[in-house]
Every structure is written in structure tokens, then in C-alpha cells.
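1. coords please:
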Amino acid sequence: MARIKELRNKRQENRLWITEKYFSHFIDISLGLSFELETQLIIVFKRNYIKKEQLTKIQEKIVEFQKMTMGFQNKL
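-> Okay, here's the model as predicted:
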């Protein structure tokens, strides 16, 4: 009976690890997309679709998101 309980606990731990692994991967993807967004934003600015002030304002928000996301990921 104790062996069955031990196996159940191990299975639950493995599920938790897999879930955390996939969540961390999802966060990595989110960060990568935010860097891509920043690159696209620079292209939009260089093609004169937005003004410097708009670029700066949006970039600040992207950088803030990146910092918060990296901080969160480091605490996982």
C-alpha cells in the first residue's frame, strides 16, 4: 500500500514538473515575441509610419513587459 502511494506521489510530481517546464517555455516564447515586436516597431519608425515620441513610448512599455516577465520567470 505504501508503494502505491509513493508511485502516485511521484506521478504527481512529474506532472507538476512537466507543467512548469511547458509554462516556462511559454514565457520564453512570449519574451521572444516581445523582442520581435520591438524590431518591427523600429522598422515602422524607420519607414516614417510613427513619430519618435510614439516609438519611445511603446518601447518603454515593451521593455517594462520584458523586465517583469524575466523577473517572473526567474522566480519560477
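2. just checking, residue 52 touches residue 42?
-> No - at 11.3 Å, residue 52 does not count as touching residue 42 under the criterion of Cβ atoms under 8 Å. Glycine gets a C-beta too; all of them are placed from N, C-alpha and C.
3. more neighbours: which of those two?
-> residue 42 (12 against 8; other Cβ atoms under 10 Å).
4. correct me, but the more buried one touches residue 58?
-> No - Residue 42 lies out of contact with residue 58 (Cβ under 8 Å); the separation is 10.3 Å.
5. let me see the ranges of the strands in this structure.
-> Taking DSSP state E, the chain contains no strands at all.
6. give the residue spans of this structure that score low on pLDDT.
-> 1-18 (pLDDT under 70).
7. point to the residue nearest the middle of it.
-> Ranked by distance to the mean C-alpha position of the chain (Cα atoms, centre = their mean), the top residue is residue 27 at 2.6 Å.
8. so that residue makes contact with residue 69?
-> Yes - counting by Cβ under 8 Å, residue 27 touches residue 69, with 6.2 Å between them.
9. so where do the helices sit in the protein?
-> 2-46, 52-74 (DSSP state H).
10. just to revisit the earlier point, distance of the residue nearest to the centre of the chain relative to residue 65?
-> 11 Å (Cβ to Cβ, to the nearest Å).
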